[in-house]
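>>> here is the input, now give the coordinates:
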Amino acid sequence: MSHPQSYEILLVPEFTEDTTDAVEPGGAIRSAVVAATGETGASGYPRYAGEGIVADIDTATHTVEALLVDGAELDYGLSVRIKEQGAGRNTRSDAGIDADG
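Coordinates of the predicted model:
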């Protein structure tokens, strides 16, 4: 199975309570398109990078397993969502990357 070649990473305030998979326009405080690097990250999942963000993404579950923003871990109070490019679907991904958890 081939992996998606790119995702959009959306950094959102953790307090955002969204019961749907969609991210409201203006809800993300930062976004970036990351592309497959062809490498596997330390987490064992495919690595994606772009626009100052490096993410290891479990492509089967659309979960971000590791994330660096401008070379640092995610700031407290932020959470990440991903959107597969061209799929039109947003997924909230909290596993292992919430700054306070």
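>>> who's residue 80 bridged to?
Beta-bridge partners for residue 80, by DSSP bridges, are residue 11, residue 93.
>>> per-residue pLDDT, residue 75?
pLDDT for residue 75: 86.
>>> how near is it to residue 44?
If you measure residue 75 against residue 44 using C-beta to C-beta, to the nearest Å, the figure is 25 Å. Where you see a C-beta, it was placed from the backbone N, CA and C, and this is true even at glycine.
>>> cool, and residue 14?
Noted for residue 14: a distance of 26 Å to residue 44, by C-beta to C-beta.
>>> between these two, which is the more surrounded one?
residue 14 (17 against 10; other C-beta atoms under 10 Å).
>>> excluding its backbone neighbours, what's nearest that one?
Spatially, and ignoring its direct neighbours in sequence, residue 14 is nearest to residue 79 (4.6 Å; C-beta to C-beta, 6 or more residues apart in numbering).
>>> is it true that that neighbour touches residue 27?
No. Contact criterion C-beta atoms under 8 Å: residue 79 and residue 27 do not qualify, at 11.1 Å.
>>> for the residue nearest to residue 48 when sequence neighbours are not counted, list the residues it contacts.
Distance criterion C-beta to C-beta, 6+ apart; nearest residue to residue 48, sequence neighbours excluded, is residue 34 at 3.8 Å. Residues in contact with residue 34 (C-beta atoms under 8 Å, 6 or more residues apart in numbering) are 6, 7, 8, 9, 48, 49, 50, 51, 53, 54, 55.
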